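Peer 1: Everything below, folded, please.
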Amino acid sequence: MNLFAPILRLFRSQSKRPSGRKKDSRIHLCLECLESRTLLNNRFVIPTALVPDNVTNFATLQAALTTAGLAAGNVIQIEPGSTPGNIVNANIPALANLTIQGDPAVAAAEVPAFGVNDAVTIAAAQAGITFQNVKMNLLGGGLTFNANGTVARSVITDNFAGTALNFNAITQGNLLSNVIVANSGAAAGDVVRVNTAAAANNLISGNTFVSTAAVDHVLLHYFGANTITDKVVGNTLIGNSGFSGRPLILVDALGMNGLSIQDNTLRDADSNQVAIAVGVGNQNITIARNTVNLTGATGTAGINVVGGGPNPTSVRLSDNIINTNGHGTGIQFLRTLSGGTLNARVEGNDLHTNLIGVLISGNIAGSVTGIDLGGGSQGSLGGNNFRGFTGVASATAGAIVTSALTADGPISANLNLFGTANPETAIFDQGDTATLADVNAVGNLTGNPAFVQTLYCEFLKRPGDLGTLGDAGGWVSLLNSGTPANTVANAIIRSPEALGLRVDSLYRQFLKRESDPAGRAAFVGLLQTGTTQEGAIKIITTSGEYHLLNGSDGSFVQSLAVNLLNRAAGTTNPTELANWVAMVQAEGRATTVDSFLSSAEYRTVTLQHYYADLLNRSTPPAASEVNAWLGTGLDLLTIEVLFASGPEFQANG
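Peer 2: Numbers count the residues shown, from 1 in each chain. You can find the predicted model right below:
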């Protein structure tokens with residue numbers, strides 16, 4: 001259970017005050033943390049200025065853990081101003097459902113840190129343990145969960161040569177909305193490791209993984225031959241520049257079945273870096289709606305899938321945005337063992353900015369006909385975007401490249417988006433000159449079908465079924481009968497499906513978690529009835545939940561600067577942070593949020609994203625272009641609709 005699931009309360013203010021002045025009658029969303037209402041405060045680690053009684057108030061976390069009287073389900077709370085000290089494995093009592101947390105009224109970054117001096121193992125008697133809203137420095141060992149447990153909304157720093165967190169054969173481990181910084185770690189090791197158990201349903205969501213270590217390691221490593229329903233969703237993974245070779249996420253097992261990796265952001269500046277790697281024999285692996293940015297000079301790959309051997313390999317790669325800065329490969333398939341099957345449903349992926357879009361290689365005999373890039377055996381709807389490939393393909397560059405294959409074909413690559421009238425120009429296909437794997441690319445999308453499919457992949461995060469009137473085919477029919485492009489774009493972008501995904505993104509960006517059904521539905525309703533995207537952001541950033549994530553005024557201002565301006569406050573003006581904090585203290589958080597959202601800088605940053613992400617421009621827009629949009633006074637979602645309605649989006653989106 002996610003202990004931070006919010007309670008959403010909708011209320012309408014009174015229509016009039018006695019003075020006759022109207023209050024704001026719009027729906028307001030009030031989000032508050034469940035634990036702030038129901039917490040039983042059993043023990044406190046108190047500020048150093050206070051005198052502990054060693055009954056409910058303690059000077060250190062170790063004392064609170066080891067003094068007799070704790071019971072299953074108790075809570076130990078670390079207060080601001082305290083000095084929790086360090087703990088070791090032996091200090092944690094054999095009690096179920098124990099919670100160690102920082103004061104929920106302040107953000108984890110503002111809670112005093114405690115150290116962990118050796119390896120901590122959570123055993124069966126300690127099942128249900130929860131670490132939440134704490135700041136934890138791993139000095140001599142990490143945390144291994146041999147029983148179910150939760151780590152949530154915490155700041156964890158890895159300062160030893162080993163794995164920070166290990167979910168070891170458990171069925172319900174939750175790693176939620178944490179910041180995990182690897183300052184050290186074992187060479188060729190892992191920062192977070194999940195050894196799966198049969199029927200496991202672990203959730204790794206909303207976390208930020210950052211490596212600053214001078215070693216090459218995996219940020220998230222999955223292994224174990226089990227059928228699971230684990231989800232890795234909404235995380236940000238940032239690799240360490242200077243070390244490459246091991247992927248950011250590694251799925252490394254024969255026979256894992258059912259893992260979902262979706263809506264994550266992965267970044268690294270190293271050469272020869274892979275973002276997500278899937279080993280042989282894994283089945284029903286879903287990798288969807290991830291954004292990958294690898295800016296290394298050579299040899300990078302967004303997603304790598306290895307097949308062959310006695311066990312089948314099957315993956316679904318859908319609606320990922322992969323950018324290797326023109327130096328690497330978006331998606332690559334490699335056969336390394338003879339025999340077996342390699343089935344892949346590949347659809348809706350944006351592969352504009354790569355040297356090779358899809359690479360299929362390997363010199364081991366075996367069929368590759370199960371690789372379906374559109375219209376093939378796995379049911380792919382196509383919609384993969386290869387518009388960035390306008391030159392003649394070669395063995396080292398092209399939209400689709402087959403290399404060193406002794407496998408049979410054909411490989412289906414129909415109903416995709418190409419930047420050339422003849423897709424064969426952008427495909428290097430050994431089957432054209434030898435009895436090797438052949439790529440069939442027919443029915444490439446142009447005109448209205450291409451426009452609708454691009455809208456679907458961009459805003460609905462899935463390819464549409466162009467042959468069905470109840471789906472994408474209906475919009476094509478309307479366009480063919482004369483409906484304006486702006487009308488179709490507006491209807492798709494403002495549909496409940498698209499707005500729901502937009503709300504999901506706002507929750508991840510600002511609240512660092514997945515949206516809850518009630519909150520999602522309420523925000524979609526607001527956006528459908530006139531609330532702007534800026535208005536939705538204001539509701540979120542002035543909520544009680546956001547206040548808990550960013551307790552102090554300085555933390556609040558920095559969060560707005562990072563989330564809205566993509567920079568830290570104070571980088572352009574040394575007095576900027578102090579000025580913003582003064583505004584918060586004098587005029588309140590709501591007014592401060594309004595100032596950020598209405599600023600030319602925020603609107604410019606957002607417009608620049610539209611030019612880069614919607615129009616796929618490789619260079620920033622001219623100042624005159626941005627200023628023209630700033631002068632319209634339109635809200636940003638309306639501007640986005642106009643971007644997606646124009647000829648440049650239809651040609652290059």
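
Peer 1: contacts and neighbour counts: CA atoms only from here.
Peer 2: OK.

Peer 1: any idea how far Met577 is from Leu560?
Peer 2: Met isn't right for residue 577; it's Leu. According to C-alpha to C-alpha, to the nearest Å, Leu577 stands 11 Å off from Leu560.

Peer 1: what about this structure, any weak spots by pLDDT?
Peer 2: Applying pLDDT under 70 to the chain flags the ranges 1-41, 241-244, 363-366, 404-408, 431-437.

Peer 1: What distance do you get for the residue nearest the centre of it to Leu615?
Peer 2: Nearest to the mean C-alpha position of the chain, by C-alpha atoms, centre = their mean, lies Asn264 at 2.3 Å. With distances taken as C-alpha to C-alpha, Asn264 is found 22 Å from Leu615.

Peer 1: Please apply the same query to Asn323.
Peer 2: Distance, Asn323 to Leu615, by C-alpha to C-alpha: 15 Å.

Peer 1: Comparing the two, which residue is more hemmed in?
Peer 2: Set Asn323 next to Leu615 and count neighbours by other C-alpha atoms under 10 Å: Asn323 wins out with 26 against 19.

Peer 1: what secondary structure does Ile156 sit in?
Peer 2: strand (DSSP: H, G, I helix; E, B strand; the rest coil).

Peer 1: isn't it right next to Ile180, touching?
Peer 2: Yes: taking C-alpha atoms under 8 Å as the definition, Ile156 is a contact partner of Ile180 at 4.8 Å.

Peer 1: From start to finish, how long is stretch 633-650 in a straight line?
Peer 2: 25 Å.

Peer 1: Tell me how far that stretch lies from the chain's centre.
Peer 2: Centroid separation for stretch 633-650 versus its chain: 25 Å, with C-alpha atoms, centre = their mean, to the nearest Å.

Peer 1: Buried residues of it, list them for me.
Peer 2: Of all the residues in stretch 633-650, those buried under the rule 16 or more other C-alpha atoms under 10 Å are 635-637, 639-641, 643-645, 649-650.

Peer 1: what does stretch 441-448 give?
Peer 2: Judged by neighbour count using 16+ other C-alpha under 10 Å, the buried positions of stretch 441-448 are 441-442, 444-446, 448.

Peer 1: mind checking the backbone torsions on Val251?
Peer 2: Backbone torsions of Val251, given as degrees, to the nearest 10, read phi -110, psi 100.

Peer 1: surely it meets Gly279?
Peer 2: Yes: the criterion here is C-alpha under 8 Å, and Val251 meets it with Gly279 at 6.0 Å.

Peer 1: contacting residues around stretch 215-223?
Peer 2: Residues from elsewhere that reach stretch 215-223, judged by C-alpha atoms under 8 Å, 6 or more residues apart in numbering: 184-196, 209-211, 237, 239, 243-253, 256.

Peer 1: which residues in the stretch 451-600 of the chain form helices?
Peer 2: 472-480, 485-493, 496-506, 517-528, 533-541, 544-549, 553-560, 576-587, 589-598, 600-609 (DSSP state H, counting those that start in this stretch).

Peer 1: before we move on, back to that, and which of the buried residues of stretch 633-650 is nearest Lys461?
Peer 2: Closest approach to Lys461 among the buried residues of stretch 633-650 (C-alpha to C-alpha): Ala644, at 14.7 Å.

Peer 1: got the contact list for the closest one?
Peer 2: Contacts of Ala644 by C-alpha under 8 Å, 6+ apart are 455, 486, 489, 614, 650.

Peer 1: If you rank those by neighbours, which is first?
Peer 2: The residue in the contacts of Ala644 with the most neighbours, by other C-alpha under 10 Å, is Leu455 (26 neighbours).

Peer 1: show me what contacts that residue?
Peer 2: Going by C-alpha under 8 Å, 6+ apart, Leu455 touches 489, 492-493, 644.

Peer 1: How about Ala124: what's its closest non-neighbour residue?
Peer 2: Ala147 (5.1 Å; C-alpha to C-alpha, 6 or more residues apart in numbering).

Peer 1: give the contact list for that neighbour.
Peer 2: Contact partners of Ala147, counting by C-alpha under 8 Å, 6+ apart, are 122-124, 126-128, 168, 170.

Peer 1: Tell me how many other residues crowd Val593.
Peer 2: Neighbours of Val593 under the rule other C-alpha under 10 Å: 23.

Peer 1: any idea how far the residue lying closest to it once chain neighbours are set aside is from Gln608?
Peer 2: Nearest non-adjacent residue to Val593, counting by C-alpha to C-alpha, 6+ apart: Lys538, 6.3 Å away. As defined by C-alpha to C-alpha, Lys538 lies at a distance of 21 Å from Gln608.

Peer 1: likewise Gly535?
Peer 2: Distance, Gly535 to Gln608, using C-alpha to C-alpha: 20 Å.

Peer 1: and what of Leu506?
Peer 2: Relative to Gln608, Leu506 is positioned 18 Å away (C-alpha to C-alpha).

Peer 1: now do Val155
Peer 2: When distance is defined by C-alpha to C-alpha, Val155 is 32 Å away from Gln608.

Peer 1: show me what contacts Leu511?
Peer 2: By C-alpha under 8 Å, 6+ apart, the contact list for Leu511 reads 540, 545-546, 549.

Peer 1: again, only using 10 Å
Peer 2: With contact set as C-alpha atoms under 10 Å, 6 or more residues apart in numbering, Leu511 has these partners: 177, 206, 505, 540-541, 543, 545-549.

Peer 1: Tell me the residues that contact both of Leu577 and Leu560, please.
Peer 2: Listed as contacting both Leu577 and Leu560 by C-alpha under 10 Å, 6+ apart are 568-569.

Peer 1: what helices or strands is the host helix or strand of Ile204 leaning on?
Peer 2: Per DSSP states H and E, Ile204 falls inside strand 203-205. In terms of contacts (3 or more C-alpha pairs under 10 Å, 6 or more residues apart in numbering; DSSP states H and E), strand 203-205 is packed against strand 149-152, strand 173-176, strand 231-233.

Peer 1: Quick check: next helix or strand after it?
Peer 2: Using DSSP H and E, the helix or strand that follows strand 203-205 in sequence is strand 208-211.

Peer 1: Residues contacting that following strand, please?
Peer 2: Counting by C-alpha under 10 Å, 6+ apart, 155-158, 176-185, 191-192, 217-220, 234-241, 248, 264-268, 512 sit against strand 208-211.

Peer 1: Run through the helices of the stretch 51-200 of the chain in chain order.
Peer 2: With DSSP H, counting those that start in this stretch as the criterion, the stretch 51-200 of the chain has helices at 61-66.
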